[in-house]
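Enquirer: from the sequence below, what's the structure:
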Amino acid sequence: MKKFKPSALTIAFLLGGMQLSVLPLLAQEAGQQTETNSPETEQTKAVTDIEVIEVKGFRRSLFEAINVKRYSDTVVEAVSADDMGALPDVSIADSITRLPGVTSVRTGGQSSELNIRGLSGSYVFATMNGRELVSNQGGRSVQFDQYPSELINSAQVYKSQKASLIEGGVAGTIELKTVNPLNNKEQHSFNAQLRGSYNDAADSHSDASAEGSRVSFSYQGKFLDDTLGVGLGYARLDQPKIATQFVNYQPRCGLLPYDGPAVTSETDCSGNAVEGGAKKYFVPTGFEVMSRGGQDLRDGYMGTFSYVPNQNFKVTTDLFYSKFDSESYDRGYRFDNWGSLIDGPNFDFSDAVLSGANNDVIVGGTYYGDRYNDNLAYPFPGARSPFGFHIMSDDATIDSDVLSAGTNFLWENENYTVSLDLSHSRGKSFSADGVISLAMFEDATSDFPVAYDNTMVRYELNGLNLPTIQLDPTTLANLASAGHMMPTSLEKYPNVEENEANGIKLDFKYVLDNEFLNSVEAGVRWAERTHDFDRRMYRYGLSSDFIARRDGKWVSTWDLTDPDNPVPTVTFPPYMLNSGDYSVMNLGGDFARYGNFIAVNNKDIEQKWLISQGINTTAGKSWENSWTFFESNLVTETTNSAYVQLNLDTTVAELPLTGNIGVRVVRSEQRSTGLLAAPVAGEGDCITDDEGVENCNYNRVEQGIDYTDALPSMNLNLQLSENDQLRFAAAKVMSRPEMPDMRVSGSWSFVDNPATGQTEANLNASTSPALKPFYATQYDLSYEHYFSETDGAIVFAVFYKDIESIVQQFTQEKFDFAGANIEVPAVDPVKQIPVVPGSYSAKFNNGEGGYLRGAEVAYTQTFSFLPGFWSGFGFSGNVSYTESELKNSFTAVAGAEAKTTPLPGLSKVVWTAALFYDYEDIFSTRVNVRYRDDYVGDQIAVGQNQQAFFLEEMIVDYQASYQFDENWQGVFSVNNLTDEPNISYFGEQYLTGTLQYFGRQYYLGVNAKF
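Expert: Numbering: from 1, shown residues only. Okay, the predicted model is just below:
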């Protein structure tokens, strides 16, 4: 049969520049007629007559990535290092996000979660060396900033599925690869990197140092006549954590008798007609201005050992461990409870600034705490805070680590390959989430400090720019004075999350000799994954008034026997700050206008204020705050899968056709263990909290379902010419639900059904152990042209995903409780009459699907054909367009009409571009630009997730290197060159959500290679 063979020049490039692991693919494409270990193949003869061209640096990385795509049997994108430790980015997330259709979600200014083709990270499956990866936090979505780029040799993004790939990625599968030391060109090689860093926004952050560093070492060696390979690596990142932010809280709708500018709306917040009197307004609820400062400290370790005692047997063990401690403190002040303007406020309001189509959105005004100085202030009995106003010191530190380990046994000969793989992956995180609030007092040195409530603030939003915030002179001065600010409230909400996955995989491959198939593959896999989440809590003082304590209510109860002489009976005194207990800070930059304020060290104050007095501040579980029990849950997922895959090698109309056809069958069992209300109150499992309080109203139950899926797949590659090919792929794919969404939860209600005359027991929950995966049938078509006289390619691709259903909260009538192992109460506990199973309200696959479709163009070319100086230039870029029939509906502002938007995380237009220049393998420089269109996502404020619109963003990075000699290289880079902010808004751009700035990060250092 006719086969296109790569030219001798192409092979020379491959031998000189690409990874050895790609060569077997090339041999398959070339259709060798003799055995691959024969020294006299046609390709070998060609190469012996020409010079092998060594391609180095960034060009080589591009060339390797292009060839991974070119010779892959699936639709795939790749990033590749020319050597271990050569990727320039802080984490592998930054490298991957430059690939077509891939976007990142920035956490603290760094790329972390990755989205593919408009679907969020929960639909992205991640593997390392072919083994499942789990996240250290956040459910399914892997936090890719945990993985140092120095220890990852390459990454591939599979956009199409094949039967031999582990199921789980509707969006795609991201495969990280560590180095194979037996493929190293040298017998022994040692790489080292040392870089100092500087963040230009750190000066105003008392918890962060502007300077940081990156250090990495790696070694590869071959021993015992090249039968034993050893690869070792270590990478350390020490850099400041910087963010300066303004957060506007979600506005609230209500009727106001405000006599201001004309309001054209004639309805209330529910759409009912309103005549005269009060009118509908959307009012602010509060805001905060904050500095997040701290330190990111990441230590990564990699080890790989490969032993090949003979040509038929190979054992490889890989180990990857990363410990990421993100010390983070939020400092700033907060105003809240302005929404009470609707309910009858304890404060005065004037000079409203209105916006919106109906002139009914309040975007500005003046707020007076005690305008006429005639209100009682905390802590006096009967006093009420006019509105919430306090300094916050939030310990947002997260300590986490991930571990991935596995051993692979490989037996192979000319006709078959057998692979046995054992894997373990674990991720764990501890989130501190501790807050100290400082209230303002008239005199902090008084024996009986009284809260200062005569605050005035002028507040006005300026759209996507920083707002106007003007405090009265006394309040502004008090914020920075230890004579007026006192810690009054300590709250701690720590949580521990642990994810673990274990697997055993057995794969077979048998080589065939016929006109249609070159091999057949089959395999089985067993895997178990667990998600263990534990919540705890501590609050200083009574929980009944902890919110008021933030603003100065340090007396909880009074003896009012003598009304003229009230006596405090239950008190939780604030702490008077002494010299050395605090610092005065300013947010700096454009935020400097918002004034100075007190900043404290949480652990230091907790020790001096409470622990030193013998107060136990250990967080625990409490029935007074029962969510510490309900939100703690264990979810277990066990899967058994098997697949068969036929690998094609034939011709169609004398054109070579390769690819694969297969099916993967998966049996899934998911179980969730948690608390559910007992059918009879008081007759459940008796559980004692950490304060000794016993509760017998709940049962510890295990619920779950079993299901089986068949997932067919096909990948076809038609080679139109030596440099042109057409790909088509189709598959049914699945992504399992977020494990936190599979938790046990809910309470029973009993409703009479007139139609049947029976009383039904209905279960109302926010999560469900009966939640099934997200399914889609997807299609990919792409045309690829590879340039023959220069390095590069141009690729056109279209894709279509037919999604069966999405997950949302709704009620499923006549639910099969027995099938989910949910015990239904036998009687109504109040009426004491028999009941029958009814409905289940929870998160379900709603059965309503739709399409997600798009197009991608990628272009890479080095301009070596240009004369002289211009031959050093090159360009790599891509653009993706994605749209979806699936819609997301949410209320951006309470009481306003629901907004219909694309799926969360979907940006319609995404593009990346890199312009680079190389001069004689000595000097190299490049500018990288990443752009994503606006999208809908979660912004976090006051401990709550709330959806908002995020503005488009463009991230610009710059890198340069200079090769001093064969061993030493100098490097310089800048991340976020334009200090691009992260901006959100509530439906309309005049309703600001968040404005976050992270600063520019500079790196300067050297690389050494021996």
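Enquirer: give me the number of residues near Glu631?
Expert: 17 (other C-beta atoms under 10 Å). The way it works is simple: take the backbone N, C-alpha and C, and place the C-beta from them, glycine included.
Enquirer: should've said Asn762
Expert: 20.
Enquirer: ok, and the closest non-adjacent residue to it?
Expert: Nearest non-adjacent residue to Asn762, counting by C-beta to C-beta, 6 or more residues apart in numbering: Gly838, 4.3 Å away.
Enquirer: name the helix or strand for that neighbour, please.
Expert: Using DSSP states H and E, Gly838 sits within strand 836-845.
Enquirer: what of Ser189?
Expert: strand 188-199.
Enquirer: before we move on, back to that, packing partners for the strand holding Gly838?
Expert: In terms of contacts (3 or more C-beta pairs under 8 Å, 6 or more residues apart in numbering; DSSP states H and E), strand 836-845 is packed against strand 758-764, strand 807-812.
Enquirer: now for those strands, which one comes closest to Ser419?
Expert: If you check each of the helices and strands packed on strand 836-845 against Ser419 by C-beta to C-beta, strand 807-812 wins as the nearest, at 35.1 Å.
Enquirer: which stretches of the stretch 201-350 of the chain have low pLDDT?
Expert: 204, 258-263, 276 (pLDDT under 70).
Enquirer: three-state assignment of Ser749?
Expert: Under DSSP: H, G, I helix; E, B strand; the rest coil, Ser749 falls in the strand class.
Enquirer: what does Arg59 give?
Expert: Going by three-state DSSP, the state assigned to Arg59 is helix.
Enquirer: I'd assumed Tyr917 was in contact with it.
Expert: No - in terms of C-beta atoms under 8 Å, Arg59 does not count as a neighbour of Tyr917; the distance is 10.6 Å.
Enquirer: need the overlap of contacts for these two.
Expert: Counting by C-beta atoms under 8 Å, 6 or more residues apart in numbering, the residues touching both Arg59 and Tyr917 are Gly874.
Enquirer: okay, the two: which has more neighbours?
Expert: Arg59 (22 against 18).
Enquirer: show me where this protein has its helices.
Expert: Using DSSP state H, the helices assigned to the chain run over residues 8-17, 23-30, 42-48, 57-70, 92-96, 473-478, 546-550, 602-609, 627-630.
Enquirer: out of these, which gets the lowest mean score?
Expert: Ranked by mean pLDDT, the helices of the chain bottom out at helix 23-30, with a mean of 36.
Enquirer: what about the stretch 701-850 of the chain, any weak spots by pLDDT?
Expert: Checking the stretch 701-850 of the chain against pLDDT under 70 turns up 846-847.
Enquirer: what segments of it are strands?
Expert: For the stretch 701-850 of the chain, the strands defined by DSSP state E, counting those that start in this stretch cover 724-735, 747-753, 758-764, 774-786, 792-803, 807-812, 836-845, 850-862.
Enquirer: repeat for the stretch 351-500 of the chain
Expert: Under the criterion DSSP E, counting those that start in this stretch, the stretch 351-500 of the chain contains strands at 361-368, 388-395, 398-412, 416-431, 434-440, 456-462, 465-471, 485-492, 495-511.
Enquirer: any idea how far Ser72 lies from Phe409?
Expert: 25 Å (C-beta to C-beta, to the nearest Å).
Enquirer: which of the residues in stretch 799-809 are buried?
Expert: Across stretch 799-809, burial judged by 16 or more other C-beta atoms under 10 Å covers 799, 801-807.
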